[in-house]
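Participant: below is the sequence, then the predicted model.
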Amino acid sequence: MRKKLLLFVMTLIAIVANAQDRPDILQTCKYFKDGYSCLVERMLLPQETEEEFNELVYGRIWGFISSPSFSAEESVYCVRTASGYKLVMRRAEKNIWYAARDIVYDRIEDENSIRFERNNVRWEDVDLKMKVSETELFITDNQASALKQLISLAVNTSSPMASVLGLDGETTVFFHNGYGAECWSPQDGKLKQLVEITRAMKEAVQKNDNTIIQEILPQVQSLTQEFQKLVLDWAASKSLDLAI
């Protein structure tokens with residue numbers, strides 16, 4: 001018991017130290033990196049109509065997926081229709097990970113512990129029959145352009161080295177042009193602002209209130225400039241390397 005407590009304390013210290021030193025950029029990730037992520041994608045991103053699915057496959061849909069530790073996963077993505085741009089929000093009825101875990105893992109209990117062991121059920125065969133709610137909000141061309149540029153820069157300035165450990169929290173995966181990048185419960189800096197913008201976007205779609213999007217545009221544009229500086233710094237360093 002003491003060993004387990006000591007291990008927990010050491011892990012917590014490492015997490016705090018890591019959080020203080022981590023770079024303020026997203027961590028590059030595969031678009032949908034594992035079975036769970038692919039299941040979330042099937043449930044929360046376009047699949048039903050060929051037109052929307054092709055938009056996703058060819059990278060023209062951009063947005064994010066929020067995966068809390070315990071509550072239901074949510075997605076917001078933007079699509080262009082004949083009537084203009086719209087944000088679509090989808091929310092699972094309950095946490096997809098825990099619902100699927102009981103299918104793809106076997107629960108093993110003994111006198112001292114409970115553990116889960118992977119069984120032979122494939123993730124691609126999981127069908128949760130779970131209700132997924134969907135709400136929409138039409139936005140202006142300028143709003144869509146501003147949000148898209150921010151997410152594009154955030155994804156394209158990400159790094160595979162920007163990892164961070166975490167216990168309970170929320171992972172947000174951003175996707176644009178077929179690429180993905182993520183963060184876990186940022187506490188400050190650009191990433192905290194970025195996650196706050198995603199929450200405002202979800203609120204706007206839920207309330208069908210375009211004014212919320214308009215109100216956050218100054219923050220969106222300011223944060224875009226901060227990410228733009230990273231691109232300029234990278235380009236400058238590359239130019240210096242070539243000159244040398």
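Facilitator: Happy to help now that I have it. Here the structure is a predicted model, which means the values were calculated and not measured.

Participant: measure the residue nearest in space to the middle of the chain to I103 for me?
Facilitator: The chain has V173 as the residue nearest its centroid, 1.7 Å off, counting by CA atoms, centre = their mean. Separation of V173 from I103 (CB to CB, to the nearest Å): 22 Å. Just so you know, the C-beta spots here come from the backbone N, C-alpha and C atoms, and that holds for glycine as well.

Participant: please apply the same query to R199.
Facilitator: 30 Å.

Participant: average model confidence for stretch 65-78?
Facilitator: For stretch 65-78, the mean per-residue pLDDT is 95.

Participant: ugh, wrong one, I meant stretch 41-52
Facilitator: Averaged across stretch 41-52, pLDDT comes to 76.

Participant: now do stretch 143-157
Facilitator: In this model, stretch 143-157 has an average pLDDT of 96.

Participant: same check on stretch 193-208?
Facilitator: For stretch 193-208, the mean per-residue pLDDT is 98.

Participant: buried residues, that stretch. List them.
Facilitator: By neighbour count on 16 or more other CB atoms under 10 Å, the buried set for stretch 193-208 is Q193, L194, V195, I197, T198, A200, M201, K202, A204, V205, Q206.

Participant: reformat those as JSON lines; add secondary structure and distance to K129.
Facilitator: Output for the buried residues of stretch 193-208, formatted as JSON lines (DSSP: H, G, I helix; E, B strand; the rest coil; distance: CB to CB, whole Å):
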{"residue": "Q193", "secondary structure": "helix", "distance to K129": "38"}
{"residue": "L194", "secondary structure": "helix", "distance to K129": "34"}
{"residue": "V195", "secondary structure": "helix", "distance to K129": "31"}
{"residue": "I197", "secondary structure": "helix", "distance to K129": "33"}
{"residue": "T198", "secondary structure": "helix", "distance to K129": "28"}
{"residue": "A200", "secondary structure": "helix", "distance to K129": "32"}
{"residue": "M201", "secondary structure": "helix", "distance to K129": "28"}
{"residue": "K202", "secondary structure": "helix", "distance to K129": "25"}
{"residue": "A204", "secondary structure": "helix", "distance to K129": "30"}
{"residue": "V205", "secondary structure": "helix", "distance to K129": "25"}
{"residue": "Q206", "secondary structure": "helix", "distance to K129": "24"}
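
Participant: need the max-distance pair from the residues you listed.
Facilitator: Based on CB to CB, the longest span within these runs between Q193 and Q206 and measures 20.5 Å.

Participant: all strands of this protein, in order?
Facilitator: Here the chain has its strands, by DSSP state E, at 27-29, 62-68, 74-81, 84-92, 105-109, 114-118, 132-139, 170-176, 179-184.

Participant: for the longest one, name the packing helices and strands.
Facilitator: Under the contact definition 3 or more CB pairs under 8 Å, 6 or more residues apart in numbering; DSSP states H and E, strand 84-92 sits against helix 35-44, strand 74-81, strand 132-139, helix 141-156, helix 189-207.

Participant: cool, the shortest one as well?
Facilitator: The contact analysis (3+ CB pairs under 8 Å, 6+ apart) places strand 27-29 against strand 179-184.

Participant: and the strand it packs on, what does it pack against?
Facilitator: strand 27-29, helix 141-156, strand 170-176, helix 189-207.

Participant: just send the strands of the chain back as a markdown table, with distance to Y98 too.
Facilitator: Below are the strands of the chain laid out as a markdown table (distance: least, CB to CB, whole Å):
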| stretch | distance to Y98 |
| --- | --- |
| strand 27-29 | 21 |
| strand 62-68 | 11 |
| strand 74-81 | 15 |
| strand 84-92 | 11 |
| strand 105-109 | 11 |
| strand 114-118 | 11 |
| strand 132-139 | 16 |
| strand 170-176 | 15 |
| strand 179-184 | 18 |
